[in-house]
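A.B. asks: Here you go, sequence then predicted model.
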Amino acid sequence: VQLQASGGGLVKPGGSLRLSCAASGFTLDQSALGWFRQAPGKQREGVSCISGSDGSTYYADSVKGRFTISKDTVKNTLYLQMNSLTPDDTAVYHCATFMGSSCLSLYDQWGQGTQVTVSS
């Protein structure tokens, strides 16, 4: 299993980015998939998840209404559209699989992440 996140970068407050996560070694249509972020000096924060059973989506309160998670099972790629970015969104973003199809299950595997920096 490999997960390769990309699409990060430097963006001004209010800007947008779309993160991609290319998956290999497994298909995206069974397990729950998600994004978490890690900022220096802060705890890991689960950002969003998409259920493997029914496609339900979940978001942290801090990103609700601004971020959208989606997946393309043909391209075997997970996405995170991030709008109205603020400096508090600065972190390394990782895509991850969960141990089951539910977003309530534990993280299973994740990739190296992509840096998102929001600064003027």
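C.D. replies: Received, thanks.

A.B. asks: Identify each buried residue in stretch 40-47, please.
C.D. replies: Val47 (16 or more other CB atoms under 10 Å). In short, each C-beta sits where N, CA and C put it, glycine included.

A.B. asks: got the end-to-end distance for that stretch?
C.D. replies: 16 Å (CA to CA, to the nearest Å).

A.B. asks: tell me the mean pLDDT for that stretch?
C.D. replies: Averaging pLDDT along stretch 40-47 gives 94.

A.B. asks: Kindly report the same for stretch 75-95.
C.D. replies: 97.

A.B. asks: in it, what counts as buried?
C.D. replies: By 16+ other CB under 10 Å, the buried positions in stretch 75-95 come out as 76-80, 82, 85, 89-95.

A.B. asks: cool, and stretch 4-13?
C.D. replies: Buried-residue list, stretch 4-13, by 16+ other CB under 10 Å: Ala5, Gly7, Gly8, Val11.

A.B. asks: picking up where we left off before, between which two of the buried residues of stretch 75-95 is the distance greatest?
C.D. replies: Pairwise distances across the buried residues of stretch 75-95 (CB to CB) peak at 28.3 Å, for the pair Asn76 and Thr90.

A.B. asks: Now secondary structure and distance to Ser31 too, for the buried residues of stretch 75-95, in CSV please.
C.D. replies: Formatted as CSV, the buried residues of stretch 75-95 follow (DSSP: H, G, I helix; E, B strand; the rest coil; distance: CB to CB, whole Å):
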residue, secondary structure, distance to Ser31
Asn76, coil, 13
Thr77, strand, 15
Leu78, strand, 11
Tyr79, strand, 16
Leu80, strand, 17
Met82, strand, 23
Leu85, coil, 28
Asp89, helix, 26
Thr90, coil, 28
Ala91, strand, 23
Val92, strand, 22
Tyr93, strand, 19
His94, strand, 15
Cys95, strand, 12
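
A.B. asks: Out of those residues, flag the one nearest to Leu106.
C.D. replies: The nearest member of those to Leu106, counting by CB to CB, is His94 at 14.4 Å.
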